[in-house]
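1. What follows is a predicted structure for the sequence shown.
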Amino acid sequence: MGRLSFHDEITRNKRSSIILTVIVACITLALVVSIAYIFAPEYLLVVLPLSILLIIVYSYGSYMYGDQVILSSTGALPAEGREYLYLRDTVEGLSIAAGIPPPKVYVVPSDEMNAFATGRDPEHASVTVTKGLIRALNRQELEGVLAHELSHIRNRDIMFMMLVAVLVGLAAILSHVILRTYRFRALTGRGRGRRDRRSGGIEILILAVGFILAIFAPILTRIVQTAISRKREYLADASGVELTRYSEGLASALEKIREHNKGKMDVSEAMSHIFFVDPNRSALDSLYATHPPIEERIRRLRTM
């Protein structure tokens, strides 16, 4: 197999991620249309814009304050004092190389080896590493991991993945609302009669599509989310190599993590996609894993 440049990896993964995000947005919009038609078909042109506005407001709130929720829920503490001087200096140096403002640096008191970046843009971002990662990696390996996380910031993955997560969560909520509504209609017989007879096949078609989407949307959007997350991880690996010019550092770090980590961090599945490697291992990882296999990441790094 020929050697891939990191520019090739970046271009390919950006294109795939945009396509997958559009799919999630379309599924969410279709669910909104279905709910609007179920509850107020006569005012569809009014309800639909209002629904979209609520989605935008909800997404904006997550965009502005989601990083603080993540840092608090993971128990991250500011990396202060001489103990973390090298960590802070490394982040600052790599940030200058990446052309972004140095992010705030945090540490999670965990023996697992992991890291993540969060924030709404490069000007309001942070990088967090675990104590286990600092203890176990040498300087070149630590630089590789930090370059990966700073690449998430430079590539605006931190905003990208946060918004995708919001859309996936909305799809699950809307699906639940639709299924509860159908159950209510089935038990009470409401929604039938004059309106159904006058609407004919159009309403039947819309309601059928809404029902099918309500069943499969949570599954489909979750699969799409994991696919997007995997693409962004490959992209950050390639961008990290661009910063350090040394792919072996990152590849070696992944090998140590593969041997050391138990995948038992106390982290919500909703946040697992932001971490350097999956913090929780489960039997469904082959389908819902938010990260590509470590072995494949190592293989790709060693072809660059």
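-> Received the coordinates, thanks.

2. and the next element down the chain from the helix or strand of the chain at the bottom of the mean pLDDT ranking?
-> Every helix and strand in the chain was compared by mean pLDDT, DSSP states H and E; the lowest is helix 194-199, with a mean of 48. Proceeding N to C from helix 194-199, the next assigned helix or strand is helix 201-244, under DSSP states H and E.

3. And the helix or strand just after that following helix, what does it pack against?
-> Using DSSP H and E, the next helix or strand after helix 201-244 towards the C-terminus is helix 247-260. When contacts are defined as 3 or more CB pairs under 8 Å, 6 or more residues apart in numbering; DSSP states H and E, helix 247-260 packs onto helix 131-136, helix 139-154, helix 201-244, helix 294-301. From N, CA and C alone the C-beta is placed, and that goes for glycine too.

4. Quick check: which of those is nearest to residue 97?
-> helix 201-244 (5.3 Å; CB to CB).

5. quick check: angle from that closest one to helix 294-301?
-> 60 degrees (axes from the mean of the first three to the mean of the last three CA atoms, to 10 degrees).

6. Quick one: distance of helix 201-244 to the chain centre.
-> 10 Å (CA atoms, centre = their mean, to the nearest Å).

7. Who are the packing partners of that helix?
-> Using 3+ CB pairs under 8 Å, 6+ apart: helix 201-244 touches helix 6-39, helix 85-98, helix 139-154, helix 157-188, helix 194-199, helix 247-260, helix 285-288, helix 294-301.

8. and of those helices, who's closest to residue 214?
-> That would be helix 157-188 among the helices and strands packed on helix 201-244, by CB to CB, at 3.8 Å.

9. does residue 83 sit in a helix, a strand or a coil?
-> With DSSP: H, G, I helix; E, B strand; the rest coil as the basis, residue 83 sits in helix.

10. Now do it against residue 105, distance only.
-> Between residue 83 and residue 105 the computed distance is 12 Å (CB to CB, to the nearest Å).

11. Looking at those two, which has the bigger crowd around it?
-> Taking other CB atoms under 10 Å, residue 83 and residue 105 do not tie; residue 105 has more neighbours (21 against 11).

12. Now name the helix or strand holding the more buried one.
-> strand 104-108.

13. Which neighbours in the sheet does that strand have, and how are they oriented?
-> Here strand 104-108 is paired, per DSSP bridges, with strand 77-78 (antiparallel), strand 124-130 (parallel).

14. Need the winner for burial among these.
-> strand 124-130 (a mean of 24; mean count of other CB atoms under 10 Å).

15. who's in contact with the residue most central in space within the chain?
-> By CA atoms, centre = their mean, the chain has its centre lying nearest to residue 161, at 3.5 Å. Residue 161 makes contacts with 228-229, 232, 273-274, as judged by CB atoms under 8 Å, 6 or more residues apart in numbering.

16. repeat that for 7 Å
-> 229, 232, 273-274 (CB atoms under 7 Å, 6 or more residues apart in numbering).

17. can you list those in CSV and add neighbour count?
-> Formatted as CSV, these follow (neighbours: other CB atoms under 10 Å):
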residue, neighbour count
229, 25
232, 26
273, 24
274, 27
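
18. Between which two of those is the distance greatest?
-> 232 and 274 (9.9 Å).

19. pLDDT on the helix or strand that contains residue 59, on average?
-> For residue 59, the enclosing helix or strand under DSSP H and E is helix 44-74. Taken as a whole, helix 44-74 has a mean pLDDT of 78.
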